[in-house]
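Student: got a sequence here, can you build the structure:
(one chain, ligands or ions: 2)
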Amino acid sequence: MIQNRPMVNPFTSHGSLTFSHTTFKMATRSRKGKKCTVIGGCGFLGQYIVERLLEEGYKVNVFDMAQTFEDDRVKFFVGDLCQEKDLAPAISDVQTVFHCASPPPSSDDRDLFYRVNFIGTKDIINACKKAGVQKLVLTSSASVVYEGTDIKNGTEDLPYAKKPMDYYTETKVLQEKEVLAANSSEENFFTVAIRPHGIFGPRDRQLVPILVDTARAGKTKFMIGNGENLVDFTYVVNVAHGHLLAAEHLYKDSPVCGKAFHITNDEPIPFWTFMSRILEGLNYPSPKMGLPYLLIYYLAAFLQLLCLLLKPIKEFKPTFTPMRVALAGTYHYYSCQRAKQLMGYKPLVPVDEAIKLTVKGYAHLQNKN
Ligand SMILES: NC(=O)C1=CN([C@@H]2O[C@H](COP(=O)(O)OP(=O)(O)OC[C@H]3O[C@@H](n4cnc5c(N)ncnc54)[C@H](O)[C@@H]3O)[C@@H](O)[C@H]2O)C=CC1
Ligand SMILES: CC(C)CCC[C@@H](C)[C@H]1CC[C@H]2C3=C(CC[C@]12C)[C@@]1(C)CCC(=O)C[C@@H]1CC3
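Tutor: Ligands and ions are numbered 1, 2, ... in the order given. Sure thing, here's the model as predicted:
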């Protein structure tokens, strides 16, 4: 029996999770009365971070392109993070900024990724310094070191990907470098990068919805590779927990400052076992037979090239991009030892329970046939 398990409230009107205050009083110093801003706070992860912050007694501002939920305890600011005039009012008089905004990886729009993830993040750093913000917690990604080949128990010391597989990854690398380099004791400005991997949970607009669409199109009959490749899938509540711990441990001379941290469930699981559990939970057939990984990878690369050539005539969005095929057929799991040691991180919800909660959260996508 895992201790420190969240008191699940499955679910409030929008499928959220809440925690018992007594169970989850976070260790060290009091954060009561602390003010913070969550940039991207209306997104999937952002909303869970907001919920946890409110639970922990923070005053919370949310900055996003659109307001997608209501909460009387939150002050909402709507705007584009690349516009200083939009952002400045949202971060004035706050101690901590969480930056978890990004265009979705599927958008494949080079200019958008550069503008938001790279230039926009530099703008955020400057705006934070100007406003006297002391702590910046970036949501990076473990993918910043992934180039499509196996990573087993990878540590944060692995070099950044020299050949990132897509613009999303390329700009997450640039963004993380900027944020970590901005850490400065002299300026009383402390930064940290959280690197989650394969975030899942109720209300995600990516993993389960794409998987279900693929299943409905009859494209999940086969798995890619032999089905043995271990991967990290991280429950969103654990990722939010890692963000709060990081903010808590950002202060002058803390070993956390200026560093990146993997935040995972610390329970790697074969990619296709995870997908099959979600599919079966939602009453869709799961794949039983494997297709050769390299064959599918090169097919996906060829298809991508074809789509590029046809783009001026008609735009196609293939389900199986080279990046997705690589993610489905290689090992990619990471050590979160550094977060355990320096921030006292421990996943709150184990994978098995997280999958059950996720399936429950997507009851509306159940296969009724
Ligand atoms: N979903 C995953 O598996 C993983 C996600 N991440 C990172 O976690 C963070 C959050 O991801 P999700 O919650 O899944 O994405 P999401 O798409 O649900 O949320 C992102 C939010 O950012 C906002 N946003 C985008 N551009 C903006 C702009 N120019 N100005 C203001 N707001 C803007 C969007 O409106 C959205 O609400 C991202 O930084 C992503 O790179 C990292 C590892 C894995
Ligand atoms: C078509 C199906 C067989 C697979 C559907 C699931 C995929 C959509 C997801 C499986 C692994 C996920 C993943 C990400 C997005 C969604 C998946 C590809 C990220 C690329 C999201 C952003 C990151 O920073 C890294 C993630 C790695 C895992």
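Student: helices along the stretch 1-150 of the chain, start to end?
Tutor: 44-55, 84-91, 110-113, 120-131 (DSSP state H, counting those that start in this stretch).
Student: write out the residues of the stretch 101-250 of the chain neighbouring ligand 2.
Tutor: Where the stretch 101-250 of the chain comes near ligand 2, counting by Cβ under 6 Å from any ligand atom, the residues are 105, 141, 143, 198, 206-207, 210-211, 214. Placement of C-beta: from N, CA and C, glycine included.
Student: quick revisit: would CSV of the helices of the stretch 1-150 of the chain with distance to Val359, mean neighbour count and mean pLDDT be doable?
Tutor: Listed next are those as CSV, based on distance: least, Cβ to Cβ, whole Å; neighbours: other Cβ atoms under 10 Å; pLDDT from 0 to 100:
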stretch, distance to Val359, mean neighbour count, mean pLDDT
helix 44-55, 17, 23, 97
helix 84-91, 36, 17, 97
helix 110-113, 32, 16, 96
helix 120-131, 35, 20, 97
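Student: give me the buried subset of the residues of the stretch 101-250 of the chain next to ligand 2.
Tutor: For these, a burial check counting by 16 or more other Cβ atoms under 10 Å picks out 105, 141, 143, 198, 207, 211, 214.
Student: kindly export the lengthiest helix in the chain (C-alpha atoms) in PDB.
Tutor: The single longest helix within the chain, with elements called by DSSP state H, is helix 293-310. Output of helix 293-310 as PDB, limited to C-alpha atoms (Å, rounded to 0.1, in the frame of the first residue of the first chain):
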ATOM      1  CA  TYR A 293      10.200  -1.100 -36.100                       C
ATOM      2  CA  LEU A 294      12.600   0.100 -38.800                       C
ATOM      3  CA  LEU A 295      10.200  -0.700 -41.600                       C
ATOM      4  CA  ILE A 296       7.500   1.500 -40.000                       C
ATOM      5  CA  TYR A 297      10.000   4.200 -39.100                       C
ATOM      6  CA  TYR A 298      11.200   4.500 -42.800                       C
ATOM      7  CA  LEU A 299       7.600   4.400 -44.000                       C
ATOM      8  CA  ALA A 300       6.700   7.200 -41.700                       C
ATOM      9  CA  ALA A 301       9.700   9.200 -42.800                       C
ATOM     10  CA  PHE A 302       8.700   8.700 -46.500                       C
ATOM     11  CA  LEU A 303       5.100   9.700 -45.700                       C
ATOM     12  CA  GLN A 304       6.300  12.800 -44.000                       C
ATOM     13  CA  LEU A 305       8.400  13.800 -47.100                       C
ATOM     14  CA  LEU A 306       5.400  13.100 -49.300                       C
ATOM     15  CA  CYS A 307       3.200  15.300 -47.100                       C
ATOM     16  CA  LEU A 308       5.700  18.100 -47.300                       C
ATOM     17  CA  LEU A 309       5.800  17.900 -51.100                       C
ATOM     18  CA  LEU A 310       2.000  17.900 -51.300                       C
END
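Student: contacts for it, please.
Tutor: Residues outside helix 293-310 that contact it (Cβ atoms under 8 Å, 6 or more residues apart in numbering): 224-226, 315-318, 320-322, 324-326, 329-330.
Student: how distant is stretch 154-162 from the center of its chain?
Tutor: 18 Å (Cα atoms, centre = their mean, to the nearest Å).
Student: just send the helices of the stretch 1-150 of the chain back as JSON lines, with distance to Asp72 too.
Tutor: Compiled in JSON lines, the helices of the stretch 1-150 of the chain are given as follows (distance: least, Cβ to Cβ, whole Å):
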{"stretch": "helix 44-55", "distance to Asp72": "11"}
{"stretch": "helix 84-91", "distance to Asp72": "18"}
{"stretch": "helix 110-113", "distance to Asp72": "33"}
{"stretch": "helix 120-131", "distance to Asp72": "25"}
